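Trainee: Have a look at this prediction, sequence included:
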Amino acid sequence: MVAALSILPAVETPRLRLRCPEPRDAEALATLMNETISRRLASWPVPYTPLMALDRIAGIRMAAEAGRSLPLVMERREDGAVTGWISISCAPGNPRTALITYWLGEPFHGQGLMREAAPAALAEAFRVLDIDRVRAAVQVDNGASLAVVELLGMRPMGTGRIWCPSRGQEESCLWFEVARPDAAGR
């Protein structure tokens, strides 16, 4: 379980620092969120304002303190630029299952940053959250996200639907799942 955010260490990769979001990240997150990114996400509408980002940060930090979420801002180590977001949060009504959400701002596409960040975030989630599995919902035509779930070793579960509050509708998606690596020993 996540104890306290003050002791939740950043996860370092060769080029990135994955850390708990802070209010200072609101402006960068709002700036990065555009129509191209939003249309691939269930709950990041556009326009996305810094106030909306502050509200999300406050809520996700509370969930992290309660041990229900591992929220991570992706920050480039060389200059501190916020590049994107990954969160792995317990599913409503099923606390042993978590859902992963991730995105990169457009200026950072094509650099392999999510391929670097996602495995580190998944390993950290299995370390700090009391979960048995992580699931992802991916739009059928989202090749970049399909590559990420494959990289994470997620197995297909089939087609389904997901509620997208950013668009006020249910949408079709492909569901994927990966079990905790040490699940057999639990």
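Mentor: Thanks, I have the structure now.
Trainee: going forward, measure contacts and count neighbours with C-alpha atoms only.
Mentor: Fine.
Trainee: is it true that Ile88 touches Leu70?
Mentor: Yes - using Cα atoms under 8 Å, Ile88 makes contact with Leu70 at a distance of 5.2 Å.
Trainee: any common contacting residues for these two?
Mentor: In terms of Cα atoms under 8 Å, 6 or more residues apart in numbering, Ile88 and Leu70 are both contacted by the residues Ala125.
Trainee: neighbour-wise, which of the two wins?
Mentor: Set side by side, Ile88 and Leu70 show more neighbours around Leu70, with 31 against 26, by other Cα atoms under 10 Å.
Trainee: Could you give the number of residues near Leu41?
Mentor: Leu41: 20 neighbours (other Cα under 10 Å).
Trainee: ok but it is inside a strand, no?
Mentor: No - using DSSP: H, G, I helix; E, B strand; the rest coil, the assignment for Leu41 is coil, not a strand.
Trainee: Identify the residue nearest Arg77 in space, chain neighbours excluded?
Mentor: Leu16 (5.0 Å; Cα to Cα, 6 or more residues apart in numbering).
Trainee: let me fix that: Tyr48
Mentor: Using Cα to Cα, 6+ apart, the closest residue to Tyr48 is Ala30 (5.3 Å).
Trainee: check contacts around the one you found.
Mentor: 48-50, 52-53.
Trainee: cutoff 6 Å now
Mentor: With contact taken as Cα atoms under 6 Å, 6 or more residues apart in numbering, Ala30 is in contact with 48-50.
Trainee: again with Leu32
Mentor: Gly105.
Trainee: got any ranges where this protein has weak pLDDT?
Mentor: Within the chain, the segments meeting pLDDT under 70 span 1-7, 183-186.
Trainee: For it, which segments count as strands?
Mentor: 11-12, 16-19, 69-76, 82-91, 94-104, 133-138, 155-164, 169-179 (DSSP state E).
Trainee: Select, out of these, the one closest to Thr36.
Mentor: Smallest distance to Thr36 across the strands of the chain (Cα to Cα): 10.7 Å, for strand 94-104.
Trainee: elements contacting the closest one?
Mentor: Packing partners of strand 94-104 (3 or more Cα pairs under 6 Å, 6 or more residues apart in numbering; DSSP states H and E): strand 82-91, strand 133-138.
Trainee: Each with direction, which strands does the shortest one pair with?
Mentor: Looking back up the chat, that one is strand 133-138. For strand 133-138, the paired strands and their directions (DSSP bridges) read strand 94-104 (parallel), strand 169-179 (antiparallel).
Trainee: Right, I'll leave it there.
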